[in-house]
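>>> Let's see this in three dimensions:
(chains A and B)
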Amino acid sequence: MKTLNRILLVVAVVFTATSCQEFLDVNENPNNPESVTPDLLLPTGLTGTAFANNNELNRFGSTVISVTAGAGGSPAAYDIYDIDGDDFGNQWRFELYGGALISFEEMIKSADAIGASAYSGIGKIMKAYAFALATDTWGDIPYSQALLGLENTQPVLDSQEDIYKGTDQIQSLFDLVREGIADLDAESTAVPGQDDVAYGGDLLSWKKAGYTLMLKMANTISVKEPALATSIINEVLQNDLILSNDEDLNINFGTSQGSYAPVHEWTNISTFAADLIISTRFVNLLQSKNDPRLPIFVTAPTGEFITIDNGFAGQRPLPQTSWSRFNTYVTGNGAGPVRLLTNFQRAFIMAESVVRLGIAGDANAFYQEGIRASMSLAGLTAAQIDQYFADNSDEVNLTGNVESDLEKILTQKYIAWTGNGIEQWTDWRRTGYPTLAPHQNAGGIDPNQRPLRAQYVSQEVARNPNFPNNIFSNIPVWWNE
Amino acid sequence: MKRVLLSLLLLVFATNEIWAQSKAVTGRVTSTEEPEGIPGVNILIKGSSSGTTTDLDGRYTIEVPSDQAVLVFSFIGYKTHEERVGSRSEINVNLASDLEDLSEFIVTAQGIERDERSLGYAVQSIKGDMVSQKSEPNLLNSLQGKLTGVNIVGASGAPGASTNINIRGITSFTGSNQPLIVVDGIIFNNDTDNTQNTLFGSQPANRLNDIAPESIESINVLKGPAASVLYGSRASAGAIVITTKSGANMNDKTEITVNSSVNFQSVYGLPSFQNQFGQGTQNDFNNISTASWGPAFGTPGFETVETSFGTTVPYQAFPNNVRDFYQTGRIVQNGVSIASGNRDDNFIVSVNSSLQDGIIPESFFNRNNVQVGGNKKLNNGVKVSGNVTYVKSESRNTITGNGGSAFGQITRIPRSFDLVGEPFQDELGNSLFYNPAQNHPLWSTQNEFLESTVDRVFGNFKVGYDISDWLNITYRVTADTYTDRRKAVSRIGSARTPAGSIADDMIYRSELNGDLLITASKSNIFTEGFSASLLLGQNINQRNLQTIGVLGSALNVPFFDNVSNASVFTGSGEFSNVRRLLGYYAQLSLDYNNYLFLELSGRVDQSSTLPAGNNAYFYPSIATSFVLTDAFNIESDVLSYAKLRASAATVGRDADPYLLNTFFGTAGFGNNVASVQFPIGVGGANIPGFLPGARLGSDQLTPEFVTSYEVGGNIGLFNNRLSIDAAYFFTRSTNQIFNVAVSNASGFDVQTTNVGEMVNQGIELELNGTILESGSFSWDMGLNFTRIRNEVREIAPGVDQSGIPGNGFIGLTPSIVVGQPYGVIVGNAMQRNAAGELLINPLTGGYLPGIAGQVIANSQPDWLAGLMNTFRYKNWMMSVLVDTRQGGDIYSFGMVDQRNGGTLAMTGVDRDLPRVLPGVIEVGDGQYVPNNIQVPAQTYWSGLGGLISESGVYDATVYRLREVSLSYNLPRRFLERTPFGEASIGFSGRNLWFFAPGFPGDPELNTQGAGNIQGLDLNGVPNTRNYGVNIRFTL
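Alright, predicted model coming up:
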């Protein structure tokens, strides 16, 4: 009996000391919050969108469109049209869907919950921007079933046509922007401040950006769907658009490490600076037009422009410090900005729309407005711009011939977009302008065809059975068919 | 000293001999090793309690009651010997040594000692001398080739680099598959704390490296769940139970043991290089090219060339430019231990030191251990014991990985570049390298490194009391805690972080365990020969982890390695977690006549990491053993011993902490091309940003289970001169807690859920035999063989492949794939036609683009085998271990780099001749013609494929002379006039030779170290060959 008592005593002591559920109640995560407010998601979404536009996709776009040339690494492959499913995985996974897009999606949810419709409005406009970037790059993509988390872990692809035009079930990108603009007009319990790294909380500017985005998207589909494009352009012309350079939708970065715009880091900071040099063709193009923006866009450390031709396989110039690279107009010493929608873009789109679609207006005036806006943005004074116009009247005047006018408009737009390779690539794919010669040593899947799309990302193909395999980069997307 | 004590002891015994006997017997006890006589041998008269021991010369005298008396001679390390007295008055005995005797008692789960014959599952026992003094400071590495069912792969030859160990295959999709390590009852942390990206960082140690091999008495490997069920969830991957040396076997002597060794390391396993062609491409010299496709040496016009520094140098090969980058490493080990006592009252104090300078300049791993322990049986019958070890481990390694690291560059050294003969930095300390975008490897070793200082304390404290002769109650508390203070420095000018960065990390881990153990055991209950024992236990467990890191980047002052030197601190942060577990366990062991055994075990765990209210889970095991030779009284010179065993067990495993919800985290974008990390500084303001985490949580998680069945047997033949141990096991893992990859278009990357099924089945075979025994010469051989087949049977509905969590390159994903073994590499497979022929692009003569998402490599070997030969001649002993790993693949960045770069020997052969890539060209209508498009050698070798492609996959089959050691024990007569009790000197070498038919170097590399991602050589450190000398003596 004594023995048993001793056992019971020990057992009792041990068990009373330990057996409560409180002991096990330690699974609250001290490292990460379960919810955050919209102002903590807005900078993520804006920065993420700019990052997607300005990082690897820009290295690709600027190279494939003969602004930069690949001196090594992935850009050397882009330069010879060599892309496949292993390219742009990070952009798809972590910059767009798992970055900007999910941030906007969650921001809209948390804003709707507290009646912060200003955040919802910005979120919807930017979501449309990011989805447009994705579909323009990859073609058909998950859209109506995307970003649903556990509700749909294998979303189907929607056709690019449906994404732009909408169906009974699928909200078009245009309607998404319209909804966002309506939210901006609604009463909001909270408005952004410095967390809005584009406009500092100026909602009127956001509305202008919204309508300008619709203009841009209408322009994108205007070759394939001229009637729809015309009606949308006529609709947005009833509203405020971006009409001056200081209304541009610019995403601002910083001048310290970890805050740099990607283009600054891969141009001036990281080892990947060895991958890219300015293309000889780009320098030749601007020199042929006596363009005063050349030294503003491109550096010449030795006083000369040290460049290589696209696809050139020989010895790279030495030393690397002599290379011509993007200048501070593009990099901003890290601060950027990354230009997503601009005044010059609006003017060039209007010029093209007048010529191509017969939208009411003076194409030549829009064309010249675009050149002036770009030159002014580059820092040229009005007097310098006037001088250029006086000295190069052939360049700055349209002739009335549709094809040559389109070529002029899109070539000047291409020059103005220096530093945003994705916009340049999309315009070229749509219109075939500017006229670009094939790159040396072209290879890839089709040495005779500059890439028309990005191939679906291998990892996504592996995870989502809805994806077809191997749509190669020489197949055009819907609006380019 | 030993002899003095022994004499005192003998005196005590002598005075005890007070009864009169009817007959005196005298004699001498000797052995092969001790021909002059063994002192201290116990001699008992069988069936009585009276006896004596031998004196210093091995002589004894004993009074026996009659001629019928039987004398039993026993001494530790020797086979017990019996002699019937008969009419003799002098009986001389030559005892046979019996190393098997020592391992017959096996330490099983919860420190329970069991007779080997009673076990219904496989346990393999390794004695301390198998792992100490073997030129190898890493305990796990020293077990390579010696165990069945166990796969051990070291990361590299970097000092302290981690080693992966899996017992009986992989049983968990994402949980740790490393076995539980238990040291003297202490649950011993063997984690590998990766604070850097495992693709690019330096290779940190697994923390079992904190154990000094010299302090180990024995290692028992509990292979299956049946063996380890009492340890609970964490032993589902098996357990390694280590017992350190103590004073318990000292027979009341006091012994001071001194060990000393010095070993040297040299680089090993480098491929052969060509020495005919130098730097450049397309047969032209290019002074910043990473390749060696330049002109042949001696080509007119290329007598001298201009370097990228502007100097003019002869154009010639530097055949040893890669090898000479490495230095001779050195390992100096010293240890002293003082042990004394007997089974109940004893103590040990030991100090061990291991100082290693690695083969990489500046790298080191130093470890210093101090251990104090003892047992005491108090007068009131309470038994108290405790053991505390303090370890300080310090290490430094340089970063590794593709591109900007010493090892990313060492595979891109042109054959004509004088790597070690020219200065690697200028007078300001800036790197000087042919490639201005990268750093000289020697500069990297000095300026890009990770230093780690670990302070670790582990110990146990145990109080036990025999309430009666059949009932014991014991409480045991164990603790293991360490802090690892790390400093990762990339100085200004580093290729990956040109502005420089310093990461100070403090990793703190601690584990506390309290175990209440109540044991009851009775013999001859119910019926004669039937014994039973019952164990009831309760476990309380807490594990803490905290990592606090400060990441300072954009440094200002060169060579000032302090975070105060930094301008940006956005990567700083804290991560911590805590988990707790309550376990209740029981084990009933039944024994019938010492030949039929049955063991029933069960455990209930309650875990903090599972959903509250549904956090308890039960799992049982049953094991049985049947000794045929005893049951049927088989006494034969041929069949000496036969045992059958069988077991079935299930072990449950809980989740990691905080998996039940989806969380937000600080946002960041990008990789090494460009990156942004919130908070970002924009226009003078610091702007925070958060991002939904990539993982979707689940509040429905349930524990995962591993169920295992095992049958096996032991057979002893020819008086146990040949023994065979064979086992077959089948393991099924279900309900895995897994982060299933989801479409990224969902906005997330993975989803935590219970899914899947995976099976392992395997055969283990162990043969031990004495091949030759003649006079003072003997030759023992031990052969082990392991063959394990693993198959992922199911992942999740609609998911047939998913990546394994960890760092990876896009397009090269270690994965689980239905129908494939765990951990296959999914990447780009070459396009083939129906006949399996490779398809050629008719426009280029190169291969068509690969197809993504295909299984391209499997790192799991087909089978493993090791053969240990031990030769003894008088006082000499020599052991030779050869082993082989058959099959399995390795994916190697290094080899692809060197093949594409034209440095491997094979790329120099017939370089001027055109070549045709093997494959076929489609000509329409499903018809193919053989490829006939000629391409130059450079296009051919690089056309085989770049870094991310099937062409980086090699067969990892390797044969290896793993370990050779030779030792000499000084005969006692030499030592009689010295203070030494024993003295020995030994020579040993490791990795002395290898042959890998399918790989140009040594395929035993594993860049990501211990963990679930295996089979990748991503520009890591090569292996080492070690050799040295050691001495050991006792006082």
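
>>> Please see if whichever helix in chain A runs longest touches chain B.
Assignment by DSSP state H gives helix A:117-138 as the longest helix of chain A. No: contact of helix A:117-138 with chain B is not found when judged by C-beta under 8 Å from any C-beta of the partner chain; the minimum separation is 9.2 Å. Heads up, the C-betas are built off the backbone N, CA and C, glycines and all.

>>> Can you get me a residue count around residue A:481?
By other C-beta atoms under 10 Å in any protein chain shown, 11 other residues sit near residue A:481.

>>> next one: phi and psi at the closest residue to it other than its chain neighbours?
Closest residue to residue A:481 apart from its sequence neighbours, by C-beta to C-beta, 6 or more residues apart in numbering or on different chains: residue A:224 at 6.7 Å. Phi and psi for residue A:224, reported as degrees, to the nearest 10, are phi -80, psi -40.

>>> Pass me the low-pLDDT residue ranges in the chain, would you?
No chain was given, so I picked chain A. A:1-20 (pLDDT under 70).

>>> oops, I was thinking of chain B
In chain B (pLDDT under 70), the answer is B:1-21, B:32-33, B:77, B:97-104.

>>> Is the one helix or strand residue A:90 maps to in proximity to chain B?
Per DSSP states H and E: residue A:90 is located in helix A:89-90. Yes: applying C-beta under 8 Å from any C-beta, one finds helix A:89-90 touching chain B at A:89, A:90.

>>> Those residues of the stretch 151-300 of chain B touching chain A, which are they?
Close to chain A, as judged by C-beta under 8 Å from any C-beta, the stretch 151-300 of chain B has residues B:281, B:282, B:286, B:287, B:288.

>>> so which helix or strand takes in residue B:514?
strand B:501-522.

>>> Can you verify my assumption that residue B:339 contacts residue B:244?
No: the pair residue B:339 / residue B:244 is not scored as a contact, 10.6 Å apart, by C-beta atoms under 8 Å.

>>> joint contacts of the two?
residue B:348 (C-beta atoms under 8 Å, 6 or more residues apart in numbering or on different chains).

>>> Point to the residue nearest the middle of the chain.
I'll assume chain A. residue A:53 (2.9 Å; C-alpha atoms, centre = their mean).

>>> think we crossed wires, I meant chain B
residue B:140 (3.2 Å).

>>> Roughly how far does that one sit from residue B:208?
6 Å (C-beta to C-beta, to the nearest Å).

>>> Now for the two: what residues contact both?
With C-beta under 8 Å, 6+ apart, residue B:140 and residue B:208 have common neighbours residue B:163.

>>> near chain A at all, the helix or strand just after the strand holding residue B:514?
Next helix or strand after strand B:501-522 toward the C-terminus (DSSP H and E): strand B:530-555. Yes: for a cut-off given as C-beta under 8 Å from any C-beta, strand B:530-555 has contacts with chain A, namely B:538, B:540, B:553, B:554.

>>> Show me just the buried residues among those.
Buried by 16 or more other C-beta atoms under 10 Å in any protein chain shown: B:538, B:540, B:553, B:554, out of the residues of strand B:530-555 next to chain A.

>>> What residues of the strand holding residue B:514 count as buried?
Those would be B:501-505, B:507, B:509-521, for strand B:501-522 by 16+ other C-beta under 10 Å.

>>> So it, near chain A or not?
Yes: Strand B:501-522 is in contact with chain A by C-beta under 8 Å from any C-beta, via B:514, B:516, B:518.

>>> Tell me the one of the residues you listed nearest chain A?
residue B:516 (5.1 Å; C-beta to the nearest C-beta).

>>> and the nearest residue in space to residue A:222 that is not next to it in sequence, what does it touch?
Distances taken as C-beta to C-beta, 6+ apart place residue A:229 nearest to residue A:222, at 3.7 Å, with adjacent residues excluded. Residues in contact with residue A:229, defined by C-beta under 8 Å, 6+ apart, are A:218, A:219, A:221, A:222, A:353, A:357.

>>> ok, 7 Å please
Residues in contact with residue A:229 (C-beta atoms under 7 Å, 6 or more residues apart in numbering or on different chains) are A:218, A:219, A:221, A:222, A:357.

>>> Ok, residue B:954 next?
B:889, B:890, B:892, B:895, B:998, B:999, B:1003.

>>> How are the helices of chain B distributed by residue range?
Under DSSP H, chain B gives helices at B:2-16, B:99-103, B:139-142, B:225-228, B:406-410, B:441-447, B:628-631, B:893-900, B:937-943, B:972-975.

>>> For chain A, what's its nearest residue on the stretch 251-400 of chain B.
residue B:286 (5.3 Å).

>>> hang on, isn't that residue packed against residue A:314?
No: Residue B:286 sits out of contact with residue A:314 when judged by C-beta atoms under 7 Å, with a separation of 8.1 Å.

>>> Looking only at neighbour counts, state which of those two leads.
Applying other C-beta under 10 Å to residue B:286 and residue A:314 shows that residue B:286 carries more neighbours, namely 21 against 11.

>>> Ignoring the adjacent residues along the chain, who's closest to the more buried one?
That would be residue B:280: by C-beta to C-beta, 6+ apart, it lies 4.3 Å from residue B:286.

>>> Settle this for me: the one you found is touching residue B:289, isn't it.
Yes: at 5.3 Å, residue B:280 counts as touching residue B:289 under the criterion of C-beta under 7 Å.

>>> how long is stretch B:953-964 end to end?
Using C-alpha to C-alpha, to the nearest Å, the end-to-end distance of stretch B:953-964 comes to 31 Å.

>>> how distant is that stretch from the center of its chain?
16 Å (C-alpha atoms, centre = their mean, to the nearest Å).

>>> one step back: CA atoms only: put the longest helix of chain A into PDB for me.
C-alpha atoms of helix A:117-138 as PDB (Å, rounded to 0.1, in the frame of the first residue of the first chain):
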ATOM      1  CA  SER A 117     -13.500  53.000 -51.600                       C
ATOM      2  CA  ALA A 118     -10.600  55.200 -52.700                       C
ATOM      3  CA  TYR A 119      -8.300  52.200 -52.100                       C
ATOM      4  CA  SER A 120     -10.800  49.900 -53.900                       C
ATOM      5  CA  GLY A 121     -10.800  52.300 -56.900                       C
ATOM      6  CA  ILE A 122      -7.000  52.500 -57.200                       C
ATOM      7  CA  GLY A 123      -6.800  48.700 -56.700                       C
ATOM      8  CA  LYS A 124      -9.200  48.000 -59.600                       C
ATOM      9  CA  ILE A 125      -7.400  50.300 -62.000                       C
ATOM     10  CA  MET A 126      -4.000  48.900 -61.100                       C
ATOM     11  CA  LYS A 127      -5.300  45.300 -61.200                       C
ATOM     12  CA  ALA A 128      -6.500  46.000 -64.800                       C
ATOM     13  CA  TYR A 129      -3.000  47.500 -65.600                       C
ATOM     14  CA  ALA A 130      -1.200  44.400 -64.200                       C
ATOM     15  CA  PHE A 131      -3.600  41.900 -65.900                       C
ATOM     16  CA  ALA A 132      -3.100  43.800 -69.200                       C
ATOM     17  CA  LEU A 133       0.700  43.500 -68.700                       C
ATOM     18  CA  ALA A 134       0.300  39.800 -68.100                       C
ATOM     19  CA  THR A 135      -2.000  39.000 -71.000                       C
ATOM     20  CA  ASP A 136      -0.100  41.200 -73.400                       C
ATOM     21  CA  THR A 137       3.000  39.200 -72.500                       C
ATOM     22  CA  TRP A 138       1.600  35.600 -72.300                       C
END
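
>>> Brilliant, that's me finished.
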